[in-house]
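S.K.: requesting a structural model of the entry that follows:
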Amino acid sequence: MSLSASPAPFLFLLFIFLLPLPPCQPESQRSEPSSSPDLWTLSPSLFSFSFSPSVSYGKSNTSSPKSKCDRKVSNCTNGILLPVWEPIQPELGEKVARAVVYFVSLMYMFLGVSIIADRFMASIEVITSQEKEVTITLPNGETSVATVRIWNETVSNLTLMALGSSAPEILLSLIEVCGHKFEAGELGPGTIVGSAAFNMFVIIGICVWTIPKGESRKIKHLRVFFITAFWSIFAYIWLFLILSVMTPGVVEVWEALVTLLFFPVCVILAWIADRRLLFYKYMGKHYRADKRHGIVVETEGDLTPNKGGMEMMVDGKIPPRGGTVVPAENCGVGGQDGTVGAAANNINMPNSNSATMVENSKELDESRREVIRILKELKQKYPEKELDQLVELANYYALLHQQKSRAFYRIQATRMMIGAGNVLKKHAADHARRTAVTDEEAPEEDDMEICSRISFESAHSQCMENCGILTLAVVCQGGLGQNTFYVDYRTEDGSANAGSDYHYSEGTLVFKPGDTRKEIKVGIIDDDIFEEDEHFFVRLLNLRVGDAEGMFESDDVGAAPKARLVEPLVATVTILDDDHAGIFTFSERLVRVSESVGTMEVTVVRNSGARGTVILPYHTESGTAKAGADYEDARGELEFTNDQTIQSFQVRIIDDEEYEKHENFFIVLEEPRWLKRGISALLLNQEGAEGQMSAEEEEARRIAEMGKPILGEHSRLEVVIEESYEFKSTVDKLIKKTNLALVIGTHSWREQFVEAVTVSAGDGDDDEEGRGDRLPSCYDYVMHFLTVFWKVLFACVPPTEYWNGWACFLVSISIIGLLTAVIGDLASHFGCTVGLRDTVTAVVFVALGTSVPDTFASKVAAMQDQHADASVGNVTGSNAVNVFLGIGLAWTVAAVYWKFEGKEFKVDPGSLAFSVTLFTIFAFIAMAVLLFRRRPSIGGELGGPRMSRLLTTLLFLFLWFLYILFSSLEAYCHIEGF
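M.R.: This is a model prediction of the structure:
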């Protein structure tokens, strides 16, 4: 059974039930004959099933039984933009035809408003996603620059987002007042209050049912929800107070201004609750440093679950007694429970800006962790894919699973409804096509180089002291191969001196056309003295260019050089002493490696001699990096043969793909020993045999001791494992690309017109694998045909990229206002044609017509979002904002106008007391049920076990049903009010 279907069958049954019931009349009126039979005779029954708790707007200050129950619909009059259809009193058949035309036109205008509201919401998404760079001061005094959004999420939801989703209702109320000579109207306020009741009960009831089986959704920002829920109920109470208690039947200027000012007050209070300002700072709040990531973690007072087991989750976390649980991956040097431990680590935040920076930093860190998690899962799922393909997939997955705004869900619902396609899938497909085109159009690099490059083949060379002759290679690369090059070389002293350690050498190398390699030979002098390793240099200089025959050429001023000397210009030659077993050491004390390196190569150098075969043990020791988690433990022995000066081994680094990482471990060289080969090793490894050796053996032992292998200065290598720079760069790029404003925004008019005339598959959910192209269905083609006029017309709206979305915002809201005025005229003409009052028409047709996109959007948000804020929290916030902004703005304009005219702005309170009491009771019941569903046995406001979902949905629909029924019966005197 699908409970998300239209409530029309229930309304029809209620209409059949109430149709035969006559309205109650005063005694003096019961004997009067009824009026002539026409469509008016159906209006009481029609009114009974569609009345809402809105005020009954009229020109009189009082309401009598006759005016309340017996008033008939007056003749049709000219609208604000559309004239009346003459003749005013047509025949019955013509009335039916007119009603059909008006109804179809009204539905078509609703489609148009939905499409332009799509463009309007896209501009709002671009505006509210604007970012700025801020400097965050960490607890250790260091500063970090982060990119954060300018707009607070709560403020944007209650201001621009609410205006975007409810712009037709709000503008209709304002336009109606201004277009009817500043007299109170019925369409605008009726639409606002009728859609509010529909949102409160029907939309939330649908959202509860549509959560997938076995899942639940909780409200993350519970403080903000309490604020908006209070204001959504208080809005009705306030209307009752100003119309029936303070100044009955009259709205004064101050009352209208206060109604309007409640809008910013509601927004400010919600922002304070979201940012935890004012009284929240007196709740025993502390901040402590998370040393691993440099993030400040907030802890509050006793916010534990109560004895009844209801989880009062604050901002998505269920705090333990005395503090907020920190995820294990954020523990750093603290314990596994996330605590730092020392009381000295607790710090106080100086002001709200610091707390805001902390919150922004935490949100950015959460986004990074989510992107990293997606990349890890995709690597395991698709090990054969290249990095670029994984990044493209990760971009789609991140967009699919990230928290989305109210604007996105509204746009997604509208576009899928009108055959414009799935926003995310279209974005992924378009991005893939652009990437393919870019790869195809990339020009091939020209490998032909004009200039030849001459250098040493290697910048460093080593040789044994007894090698005799050292050979160094010089190479010539590139060029056209049509010239002869002359290069001089000479040796230069370092720690080794010419004449005692090597033979001084100089000369000229000649590279003829086609030559690519020449050699330099240097003589090495051998001695029998123990000494440190020494080095000298060989330098290239004085390059000259000749023609193919070798004749020197003059330099052409401004011409490109035909050859140049490039690095390495100097070769460093190290002479290794061959009279010692060697000093074994690492080349440096510390080395940094990326965690994505896989296997690191560790090199051990043998200096100051290379005589004999030596065994060198080694092992690893854990630091902050742990064996088995960050690297694989290594232990073994290296064997250096005679004259071997370099040996290496490998240590495997485990890649756990962290965004930021700085952990270390150590590689330790143990005492080297001679391999037991030969007399020297035998004598040296004998212990306790001094008295048994001959004099010759003693001398041999002394010489062997002098040449014993030893450890050098760097026998303990510190290895620092850092994050992969490539991986970090990929994550940063993905975070920038997962901006929803880039998905739903447009960059050019051409893009908008192409999208307007293109049919896309709009059905189906966002599947995990599913970015494959789907063919549009029959429904997609039909909806595209019906809406192509609106799509092409609204493609003329400026793209969202212009003026950071403000150009699209201003043009879109102007068009919405124009279409809303036409909708108001059509609704009024339709109502008077079939015998309905404007209030009835507003609640039944206009309110439901404007709420359909919100219903689909809330359903999609409930299914796809991780929390219930986008579906439940936004409903309560929207209801409060719509009343204060929609009715408050219209009343303020009218009250100020009549004040200047010296008159009062009159509004008939009607049945407001009964309706407000009924709505308040039902709203409290609904809020209590939602909070009760936070118990662990259910899991959250939305979803949960099947039976609880079914009962909750039926209850909400039943509340809405009873609300309309009792309000209708009281309005038409079937039951008595207060």
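S.K.: so where's the stretch 201-350 of the chain shaky on pLDDT?
M.R.: Residue ranges of the stretch 201-350 of the chain with pLDDT under 70: 278-350.
S.K.: now with 90?
M.R.: Counting by pLDDT under 90, the ranges of the stretch 201-350 of the chain that qualify are 201-203, 207, 209-251, 263, 266-350.
S.K.: now the strands for it?
M.R.: Listed from the start of the chain, the stretch 201-350 of the chain has strands (DSSP state E, counting those that start in this stretch) covering 216-217, 250-251, 286-290, 295-299, 346-347.
S.K.: what pairs with the first one, and is each one parallel or antiparallel?
M.R.: If I follow you right, that is strand 216-217. When pairs are called by DSSP bridges, strand 216-217 turns out to pair with strand 942-943 (antiparallel).
S.K.: same thing with the second one?
M.R.: As defined by DSSP bridges, the strand partners of strand 250-251 come to strand 905-906 (antiparallel).
S.K.: could you give the mean pLDDT of the strand it pairs with?
M.R.: The average of the pLDDT scores along strand 905-906 is 86.
S.K.: residue ranges of each domain in this protein, please.
M.R.: Split into domains by automatic domain parsing, the chain comes to 8-278+746-971, 453-523+533-551, 583-684+700-723.
S.K.: ranking those by mean pLDDT, which is last?
M.R.: Looking at the domains of the chain, the bottom one is domain 8-278+746-971 with a mean of 76.
S.K.: before we move on, back to that, and the domains of the chain: which comes nearest Val573?
M.R.: Checking the domains of the chain against Val573 by C-beta to C-beta gives domain 453-523+533-551 as the closest, at 5.0 Å. Bear in mind the C-beta positions are built from the backbone N, C-alpha and C, glycine included.
S.K.: if we can go back for a sec, ranking the domains of the chain by burial, who's on top?
M.R.: Among these, domain 8-278+746-971 has the highest mean neighbour count (mean count of other C-beta atoms under 10 Å), at a mean of 19.
S.K.: returning to that earlier point: let me have the domains of the chain in JSON lines, extended by distance to Glu567.
M.R.: Shown next, in JSON lines, are those (distance: least, C-beta to C-beta, whole Å):
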{"stretch": "domain 8-278+746-971", "distance to Glu567": "35"}
{"stretch": "domain 453-523+533-551", "distance to Glu567": "6"}
{"stretch": "domain 583-684+700-723", "distance to Glu567": "20"}
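S.K.: name the nearest residue to Asn152, sequence neighbours excluded.
M.R.: Nearest non-adjacent residue to Asn152, counting by C-beta to C-beta, 6 or more residues apart in numbering: Trp271, 6.1 Å away.
S.K.: same thing with Arg606?
M.R.: Nearest to Arg606 is Gly582, by C-beta to C-beta, 6+ apart, at 4.0 Å.
S.K.: residue contacts, the one you found?
M.R.: Gly582 makes contact with Arg606, Asn607, Ser608, Gly609, Ala610, Arg611, Val614, Phe640, Thr645, Pro672, Pro709 under the criterion C-beta atoms under 8 Å, 6 or more residues apart in numbering.
S.K.: the same query, at a cut-off of 10 Å, please.
M.R.: Applying C-beta atoms under 10 Å, 6 or more residues apart in numbering to Gly582 gives the contacts 533, 576, 605-612, 614, 616, 640, 643-645, 672, 707-710, 712.
S.K.: likewise Ile823?
M.R.: By C-beta under 10 Å, 6+ apart, the residues touching Ile823 are 105-106, 109-110, 112-113, 168, 171-172, 175, 187, 191, 816, 845-846, 849-850.
S.K.: can you pull the phi/psi pair for it?
M.R.: Ile823 adopts backbone torsions of phi -60, psi -40, taken as degrees, to the nearest 10.
S.K.: Met200 is in contact with Phe919, correct?
M.R.: Yes: using C-beta atoms under 10 Å as the test, Phe919 is close enough to Met200 to be in contact (8.3 Å).
S.K.: mutual contacts of those two, please.
M.R.: Ser232, Ile233, Leu959, Tyr963.
S.K.: so who does the first one touch?
M.R.: With C-beta under 10 Å, 6+ apart as the criterion, the residues that contact Ser232 are 196, 199-200, 266, 875-883, 919, 923, 927.
S.K.: what about 6 Å?
M.R.: By C-beta atoms under 6 Å, 6 or more residues apart in numbering, Ser232 lies in contact with Thr876, Asn879, Ala880.
S.K.: list the contacts of stretch 632-649.
M.R.: 464, 576, 601-604, 606, 610, 612-617, 619-620, 627, 651-652.
S.K.: looking at those residues, which are in strands?
M.R.: Assigned to strands by DSSP state E, the following of the contacts of stretch 632-649 qualify: 464, 576, 601-604, 606, 614-617, 619-620, 651-652.
S.K.: nearest to Thr508, of these?
M.R.: Met464 (28.4 Å).
S.K.: my guess is that closest one contacts Ile575. True?
M.R.: No: look at Met464 against Ile575 with C-beta atoms under 6 Å: they stay out of range, at 7.8 Å.
S.K.: next SSE downstream of the lengthiest helix in the chain?
M.R.: What stands out as the longest helix in the chain, according to DSSP state H, is helix 92-128. On the C-terminal side of helix 92-128, the nearest following helix or strand under DSSP states H and E is strand 131-137.
S.K.: each with direction, which strands does that following strand pair with?
M.R.: strand 143-149 (antiparallel).
S.K.: moving C-terminal from the partner strand, which element do we reach first?
M.R.: As assigned by DSSP H and E, the chain's next helix or strand after strand 143-149 is helix 153-156.
S.K.: the closest residue in space to Ser195 that isn't next to it in sequence: what secondary structure?
M.R.: In space, and not counting its chain neighbours, Ser195 is closest to Ala847: 4.2 Å by C-beta to C-beta, 6+ apart. On the three-state scheme (DSSP: H, G, I helix; E, B strand; the rest coil), Ala847 is labelled helix.
S.K.: is Ala847 in contact with Gly194, as I believe?
M.R.: Yes: look at Ala847 against Gly194 with C-beta under 6 Å: they come within range, at 3.5 Å.
S.K.: next, the contact list for the residue nearest to Val811 when sequence neighbours are not counted, please.
M.R.: For Val811, ignoring the flanking residues on the chain, the nearest one in space by C-beta to C-beta, 6+ apart is Val797 at 5.1 Å. By C-beta under 6 Å, 6+ apart, the contact set of Val797 is Arg119, Cys808, Val811, Ser812.
S.K.: state the pair within these that is farthest apart.
M.R.: Using C-beta to C-beta, the contacts of Val797 span at most 8.5 Å, a distance reached by Arg119 and Val811.
S.K.: look at the residue lying closest to Val573 once chain neighbours are set aside and give its secondary structure.
M.R.: Distances taken as C-beta to C-beta, 6+ apart put Ser461 closest to Val573, at 5.0 Å, once the chain neighbours are dropped. Using three-state DSSP, the structure places Ser461 in strand.
S.K.: ok, Ser461 touching Thr574?
M.R.: No: if you go by C-beta under 6 Å, Ser461 and Thr574 don't touch, sitting 7.2 Å apart.
S.K.: please report the distance of Asp515 from Cys476.
M.R.: 6 Å (C-beta to C-beta, to the nearest Å).
S.K.: next: Val605.
M.R.: For Val605 relative to Cys476 (C-beta to C-beta), the value is 31 Å.
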